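> heads up, no residue letters with this:
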C-alpha cells in the first residue's frame, strides 16, 4: 500500500474506515496499518478531527476501538484536495498582511479560523514555514475608515498634509474617489480645489485625522483602472499627456521584463540575441524616469529625444558623484 504522505489524506482514510464499519469499532492498529502511521500520529489525527472538524469519534471501551457516535459527513468539513489546501494557505497569509488595518477588523476572527484550520493541514510540511511577505506599509492606515466613509457618502474631507517638498504641513480639502495601494504605500485619490488635476495624497504624509465636512460632492464616473492606464506609479498627470516611449531591453533584461512588465506595452522588434524593443503609451513622470534609470546599462530609451536627454543627464550626474 502506498504511504499516505499528508494529514488531509489520512483524515479521509480514517473517515472511510469508520464509515464502512457503520458504528462498529475499528482498532487502532488497523487504522495505523491502513494509513501507514504510528499510534502517536493516529492519536494526534483523531484529536484534530474531533476538535477542528467536529468529527464525532468516540472510544468504544468494550471493543477497544474507535467509531462514529452518529453518521458524519467529512466532505462537508473538507471539500478540498491537497493543492486546494496550499492555495488557501497562500491566500490566507496574503489577507493576513492587512489584518492590522482597522477597516478589516471584522475579518480578523474569520482569518484566524481559516488560518488555524489550514495550518493544521500543512503544519507538518515545509509549506507551513515557506511563505514570507515583505511587510506592508501601515503608517497612515488608521485614516482608512474615515476616508472610505467619505467616499461612500460623497463628502469632502479636510486634513493636514506635508509632502516631502514642504517644510510644514498645510491644510488640504479633498473630494476622495478611491483608495490605492502601490509600492508598499497607501494613497487616497480625488479632486482638490488646490490643484487643477486629480491628485493622490499618501496616507503616511497625512498629519491629522481627516475631518468629514458637511459639503457633499457629485462624484464623476471614475474608474481607477482607466485613470491609471497610462500612468506608471502614482504621479497623476492628465491622461492626454501620455506619450509614446520606445525602449530597448538587453537580452537578459528582456526576459525579466517580459515575465513581469511594469506597464502595458507593444512588442516592436526582437533581435537575434534576444534583446527587444517595446513601445509604451505612458506619461513621462519622475517615477517613470527613476524606474528606467534603475535598469542601468541594461536599458536604452530610444525616444522621445527629451526623455533620452533627461536620462543621459541623470546618469552623468550619478557618474559625477563617483568621479
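Structure's in. What do you need? Treat the numbers as computed from the prediction; the structure is a model and nothing was measured.
> What residues of stretch 257-268 count as buried?
Within stretch 257-268, the residues that count as buried by 16 or more other C-beta atoms under 10 Å are 257, 263, 265. Placement of C-beta: from N, CA and C, glycine included.
> so of those residues, which ones are in helices?
residue 257 (DSSP state H).
> Distance to residue 157 added to the buried residues of stretch 257-268, as a markdown table?
A markdown table is the format used below for the buried residues of stretch 257-268 (distance: C-beta to C-beta, whole Å):
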| residue | distance to residue 157 |
| --- | --- |
| 257 | 39 |
| 263 | 31 |
| 265 | 37 |
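> tell me which element residue 158 is part of?
For residue 158, the element it lies in under DSSP states H and E is strand 155-161.
> Averaged pLDDT, that strand. What do you get?
If you average the pLDDT over strand 155-161, you get 95.
> Equivalent analysis for stretch 312-323, please.
Per-residue scores along stretch 312-323 average to 91.
> just stretch 252-266 next, same as before
94.
> who touches that stretch?
229, 232, 249, 270, 274-276, 278-282, 291, 295, 298-299 (C-beta atoms under 8 Å, 6 or more residues apart in numbering).
> which ones among those residues are found in strands?
Within the contacts of stretch 252-266, residues falling in strands by DSSP state E are 249, 270, 276, 278-282, 299.
> Which of those residues are buried, as a ChimeraX select command?
Buried residues among the ones in strands among the contacts of stretch 252-266 (16+ other C-beta under 10 Å), as a ChimeraX selection:
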select :249,276,278,279,280,282,299
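> how about JSON lines for the ones in strands among the contacts of stretch 252-266, with distance to residue 27 added?
Putting the ones in strands among the contacts of stretch 252-266 into JSON lines (distance: C-beta to C-beta, whole Å) gives the following:
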{"residue": "249", "distance to residue 27": "66"}
{"residue": "270", "distance to residue 27": "67"}
{"residue": "276", "distance to residue 27": "66"}
{"residue": "278", "distance to residue 27": "67"}
{"residue": "279", "distance to residue 27": "71"}
{"residue": "280", "distance to residue 27": "69"}
{"residue": "281", "distance to residue 27": "71"}
{"residue": "282", "distance to residue 27": "70"}
{"residue": "299", "distance to residue 27": "69"}
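> if we can go back for a sec, specify which member of the buried residues of stretch 257-268 is nearest to residue 158.
Residue 158 has its nearest neighbour among the buried residues of stretch 257-268 in residue 263, at 34.2 Å by C-beta to C-beta.
> Secondary structure element holding residue 180?
Under the assignment here (DSSP H and E), residue 180 is part of strand 170-182.
> picking up where we left off before, farthest-apart pair in the ones in strands among the contacts of stretch 252-266, please.
270 and 282 (20.7 Å).
> tell me the mean pLDDT for stretch 169-182?
In this model, stretch 169-182 carries a mean pLDDT of 91.
> Name the residues of it that come out as buried.
Going by neighbour count (16+ other C-beta under 10 Å), the buried part of stretch 169-182 is 172-179.
> who touches the strand holding residue 180?
Identification of contacts with strand 170-182 by C-beta under 8 Å, 6+ apart yields 136, 144, 147-148, 150-151, 154, 156-162, 186-194, 198-201, 213, 217, 219-220, 222, 224, 228, 233-234.
> Go through those and flag which are in strands.
Among those, the members found in strands (DSSP E) are 156-161, 186-191, 199-201, 213.
> Show me how to select, in PyMOL, the buried members of these.
Buried subset of these, written as a PyMOL selection, criterion 16+ other C-beta under 10 Å:
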select buried, resi 156+157+159+160+161+186+187+188+189+190+191+199+200+201
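> Now flag whichever of the ones in strands among the contacts of strand 170-182 is closest to residue 15.
residue 186 (45.2 Å).
> which non-adjacent residue is nearest that closest one?
Nearest residue to residue 186, sequence neighbours excluded (C-beta to C-beta, 6 or more residues apart in numbering): residue 203, at 4.3 Å.
> burial count for that neighbour?
Residues near residue 203, counting by other C-beta atoms under 10 Å, number 24.
> do the one 5 residues further on as well
For residue 208, the number of neighbouring residues by other C-beta under 10 Å comes to 12.
> is the closest residue to it other than its chain neighbours in a bridge, and if so with what?
Closest residue to residue 208 apart from its sequence neighbours, by C-beta to C-beta, 6+ apart: residue 160 at 3.9 Å. Taking DSSP bridges as the rule, residue 160 bridges to residue 171.
> Noted, bye for now.
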